[in-house]
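Enquirer: got a structure for you, letters missing:
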Ligand code: PXL
């Protein structure tokens, strides 16, 4: 009995070593996804899974299930600024990322913070424009604010093929087009670009990193037959977690790619729940 009591006491009071080994801190500035597969929820889960303490500043609230966005409401620019400032003034943020910023006003708030108070902090920018179900998430007027104010401050920008096509102004549908678009975007924004080729045909999901005039390829087996939601959020959050742990950009991407591939292979089967709901209502 005494032995048990001692064990319990130890569990309640961690030893000094584990108390002082505080995890690094990462911040996500993104939207809230009610179905919790994407957005701040995906980011915080990813940070936690990778041993990083996650902070969040919410830009908008999205009522949705995977594939169906029913309503989006913006958080005001003042409220977003307040969240970011209180966090920045009270926590040593080691790395940060942005997801859906939603409005031009919110992009401007983040750009001001990233350019002034957060100058030395690595910034991973996931340029969320359209949901995986095809719905427009970002207000179209926000793209210009992104390009002029925020992209030049990014450590890494992580467009998928559709987002790269929107930014590049031409379709990006094969490997040569990826190389052309990636080079051009890296030069245009003065930032490293991770162009995600996941949606290309083939048995490998291939991403290309354009950094320092060099192209590096990251490949993983493409997991077929799964309906995914939030993979882009999870990927950029995992890269941010790696940077918070002081990994190089290449190493952070390599580990993040493995993590996302693993998450996709073992993901929550939303499509099965949807099928059950359908058969119950018929
Ligand atoms: O997966 C893109 C995405 C990002 N952020 C939020 C979202 C979504 C997709 O629906 O809701 C908040």
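Expert: Happy to help now that I have it. Being a predicted model, the structure only gives us computed values, none of them experimental. Numbers count the residues shown, from 1 in each chain.
Enquirer: rest of the way, CA atoms for contacts and neighbours
Expert: OK.
Enquirer: now the residue in the stretch 151-282 of the chain positioned nearest to the ligand: phi and psi?
Expert: Closest contact between the stretch 151-282 of the chain and the ligand, by Cα to the nearest ligand atom, is at residue 230 (4.3 Å). Dihedral angles of residue 230 (phi, psi; degrees, to the nearest 10) stand at phi 90, psi 10.
Enquirer: where does it land on pLDDT?
Expert: With respect to pLDDT, residue 230 has a value of 91.
Enquirer: what about the strands in the stretch 101-250 of the chain?
Expert: Secondary structure of the stretch 101-250 of the chain, counting by DSSP state E, counting those that start in this stretch: strands at 123-125, 156-157, 192-196, 204-211, 214-221.
Enquirer: could I get the ones you listed as JSON lines with mean pLDDT and mean neighbour count?
Expert: Shown next, in JSON lines, are the strands of the stretch 101-250 of the chain (pLDDT from 0 to 100; neighbours: other Cα atoms under 10 Å):
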{"stretch": "strand 123-125", "mean pLDDT": "98", "mean neighbour count": "26"}
{"stretch": "strand 156-157", "mean pLDDT": "98", "mean neighbour count": "27"}
{"stretch": "strand 192-196", "mean pLDDT": "98", "mean neighbour count": "25"}
{"stretch": "strand 204-211", "mean pLDDT": "95", "mean neighbour count": "21"}
{"stretch": "strand 214-221", "mean pLDDT": "94", "mean neighbour count": "14"}
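Enquirer: where does pLDDT dip in the stretch 151-282 of the chain?
Expert: 199, 201, 280-282 (pLDDT under 70).
Enquirer: mind doing that once more with 90?
Expert: 198-204, 221-229, 264-282 (pLDDT under 90).
Enquirer: what does it put close to the ligand?
Expert: Applying Cα under 6 Å from any ligand atom, we find that the stretch 151-282 of the chain lies next to the ligand at 229, 230.
Enquirer: now the residue in the stretch 51-200 of the chain that the ligand sits nearest to: how far from residue 90?
Expert: Residue of the stretch 51-200 of the chain nearest the ligand, by Cα to the nearest ligand atom: residue 131 (4.4 Å). Distance of residue 131 to residue 90, given as Cα to Cα, to the nearest Å: 33 Å.
Enquirer: which residues sit in contact with the residue nearest to residue 65 when sequence neighbours are not counted?
Expert: Closest residue in space to residue 65, ignoring its immediate chain neighbours: residue 35 at 5.3 Å, by Cα to Cα, 6 or more residues apart in numbering. Contacts here follow Cα atoms under 8 Å, 6 or more residues apart in numbering; on that basis residue 35 touches 63, 64, 65, 66.
Enquirer: helix, strand, or coil at residue 35?
Expert: Three-state call for residue 35 (DSSP: H, G, I helix; E, B strand; the rest coil): coil.
Enquirer: so how far is stretch 120-134 from its chain's centroid?
Expert: Remark: stretch 120-134 is offset 6 Å from the chain centroid, using Cα atoms, centre = their mean, to the nearest Å.
Enquirer: list the buried residues for it?
Expert: 121, 122, 123, 124, 125, 126, 127, 128, 129, 131, 132 (16 or more other Cα atoms under 10 Å).
Enquirer: what's the first-to-last distance across that stretch?
Expert: For stretch 120-134, the first-to-last residue distance is 35 Å (Cα to Cα).
Enquirer: and the contacts of that stretch?
Expert: Residues contacting stretch 120-134 (Cα under 8 Å, 6+ apart): 66-68, 93-101, 114, 136-138, 151, 153-159, 163, 228-230, 232-233, 236, 239-240, 243.
Enquirer: any quick ChimeraX command for the buried ones out of those residues?
Expert: Command for ChimeraX that selects the buried part of the contacts of stretch 120-134, burial taken from 16+ other Cα under 10 Å:
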select :66,93,94,95,96,97,98,99,100,101,114,137,138,151,153,154,155,156,157,158,159,163,228,229,230,232,233,236,239,240,243
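Enquirer: what pairs with the longest strand seen in the chain, parallel or antiparallel?
Expert: The residue-count maximum for a strand in the chain (DSSP state E) belongs to strand 53-65. Applying DSSP bridges, strand 53-65 is found paired with strand 25-33 (parallel), strand 68-74 (antiparallel).
Enquirer: which residues in the chain form helices?
Expert: Secondary structure of the chain (DSSP state H): helices at 2-12, 16-20, 39-49, 77-90, 104-115, 142-145, 161-168, 175-189, 231-244, 249-265, 270-281.
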